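Engineer: How does the following fold in three dimensions:
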Amino acid sequence: MHTQYQYYADYRQDLDKILVKIAEKERQEQEARWRREQEIQRQREIEEQRKREAEEAKRRREQEAQRKRETERKHQADLQSIIDWAIKNKIPADKLPRNTQKLYEQQNLDLSGCKLTSLPETIGKLSNLQTLQIRYNQLTVLPESIGELSNLQLLDIENNQLTALPETIGELVRLKEFDVCSNRLTVLPEAIGKPNNLRVLRISRNYLTTLPDAIGKLSNLQKLDVDGNQLTALPDAIGKLNNLQSLSVADNQLTALPDTIGNLTNLQELFVSCNELTALPDTIGNLTNLQELLVSCNELTTLPESIGMLLNLKELSIALNECMTTLPQYIQAADYIYKEHVIAEINRNAERQERERQERERREMEERKLINRVKKWWSDL
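Structural biologist: Modelled structure (predicted):
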């Protein structure tokens, strides 16, 4: 009985082991199937994701292509509007091409003397322009889009009727030369100090009463011409223009020059004729590279001794400073090309003042004689 029970127990134990193995195998197979299903699902999701990404990329390409087509259509329309404007204003085809592609490729555009009263807002689309000349017209404003001419190096709008400049002028980062002479400007925008590549700035014959401090930011400026305005003073910031070689502020209403003018050590030309200067700052002696100094037609009575330090000076003009009758010894000893003219002018001033003194004495003597005759006549009555 015990043997049968033991046999049954062993059989049961073996069966349990077999069942456990079967269950484990089924579990492993089920897990493997689950993994395969998961992998299939993952691959399916990856494929779907790829399809979605491909569709999204296709959609973006189509949108980009559509955007480019629309941009190109808009671009062509803008260029055509410039051509239409040119035709309306009777601008010759040799000045402004009638083909949109040629117009877009244009690097130099000269519309001087075309009797223009305005520019099209789309002028900024001519992004390949390097020079734009619109001198001798009747423009009263510049379009804001002028700042989109990112490759512009020369802008010449001399002899128009501009009363202001747009702030976008500061976006012309490649601008090297800007001429806005003979207009009606009363103020310059702060943005004038932004085109850091500017070499030449001409704003003479306008109605400016001040220059903005921002002008001192033009660190590469070599020539500044503000003749014929109504300036009563120059900003101290003028002394920050370290590369300036020529400064012309003639025919204004300046009563003094700032001491900071002595910081312009690269200056070769200084023209301040026809102002109301009564003296020059001592710092002018720091301008050791100065070759021409024109201070004619002011109210100077003398020159600072520091001028004797200007060893490179070749021309000194002090004509029509009627109160200046003597020339300092250090000036007389200097070897200026125009020294003879300077001395002659001083001598003329001295002679004029001597004649005026003699004329005053003659009149006083005649008045005294007349008074004496009247007194004698009165006493004889």
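Engineer: Within the helices and strands, which one has residue 196?
Structural biologist: Following DSSP states H and E, one finds residue 196 outside all helices and strands.
Engineer: gap between it and residue 176?
Structural biologist: Separation of residue 196 from residue 176 (Cβ to Cβ, to the nearest Å): 11 Å. For the C-beta atoms, the positions are set from N, CA and C on the backbone; glycine is no exception.
Engineer: Compare those two (neighbour count), which wins?
Structural biologist: The residue with more neighbours, out of residue 196 and residue 176, is residue 176; 18 against 14, by other Cβ atoms under 10 Å.
Engineer: surely the more buried one meets residue 218?
Structural biologist: No - checked against Cβ atoms under 8 Å, the pair residue 176 and residue 218 is beyond contact range at 11.2 Å.
Engineer: Distance-wise, check the closest residue to residue 320 other than its chain neighbours relative to residue 251.
Structural biologist: Once flanking residues are discounted, residue 320 sits nearest to residue 297: 4.2 Å by Cβ to Cβ, 6 or more residues apart in numbering. Distance, residue 297 to residue 251, using Cβ to Cβ: 9 Å.
Engineer: got the contact list for the residue minimising distance to the centre of the chain?
Structural biologist: In the chain, the residue lying closest to the centroid (Cα atoms, centre = their mean) is residue 195, at 3.6 Å. By Cβ atoms under 8 Å, 6 or more residues apart in numbering, the residues touching residue 195 are 169, 170, 172, 173, 174, 175, 178, 218.
Engineer: so is the nearest residue to residue 138 once chain neighbours are set aside in a helix, a strand, or just coil?
Structural biologist: Spatial nearest neighbour of residue 138, chain neighbours left out: residue 117 (4.9 Å); criterion: Cβ to Cβ, 6+ apart. Classification of residue 117 using DSSP: H, G, I helix; E, B strand; the rest coil returns coil.
Engineer: Residue 63 is in what secondary structure piece?
Structural biologist: Judged by DSSP H and E, residue 63 forms part of helix 2-88.
Engineer: Now do the shared contacts for residue 297 and residue 251.
Structural biologist: Jointly contacting residue 297 and residue 251 under the rule Cβ under 8 Å, 6+ apart are 273, 274, 275.
Engineer: Does the last one touch residue 249 like I think?
Structural biologist: Yep, that's residue 275 we're talking about. Yes - in this structure residue 275 lies within contact range of residue 249 using Cβ under 8 Å: 7.3 Å.
Engineer: related to what we said a few turns ago, which other helices and strands contact the helix holding residue 63?
Structural biologist: In terms of contacts (3 or more Cβ pairs under 8 Å, 6 or more residues apart in numbering; DSSP states H and E), helix 2-88 is packed against helix 100-105.
Engineer: What residues of the helix it packs on count as buried?
Structural biologist: Judged by neighbour count (16 or more other Cβ atoms under 10 Å), helix 100-105 contains these buried residues: 100, 103, 104.
Engineer: and the helix or strand just after that helix, what other elements does it pack with?
Structural biologist: Using DSSP H and E, the helix or strand that follows helix 100-105 in sequence is strand 108-110. On a contact count with 3+ Cβ pairs under 8 Å, 6+ apart, strand 108-110 meets strand 131-133.
Engineer: what's the pLDDT at residue 84?
Structural biologist: pLDDT recorded at residue 84 is 95.
Engineer: Counting neighbours, what do you get for it?
Structural biologist: 13.
Engineer: cool, residue 52 as well?
Structural biologist: Per other Cβ under 10 Å, the neighbour tally for residue 52 reads 10.
Engineer: and if you look at residue 136?
Structural biologist: Residue 136 has 16 nearby residues by other Cβ under 10 Å.
Engineer: And for the one 4 residues further on?
Structural biologist: A count of neighbours around residue 140, defined by other Cβ under 10 Å, yields 14.
Engineer: With the one 4 residues further on instead?
Structural biologist: The burial count assigned to residue 144 is 14, neighbours taken as other Cβ under 10 Å.
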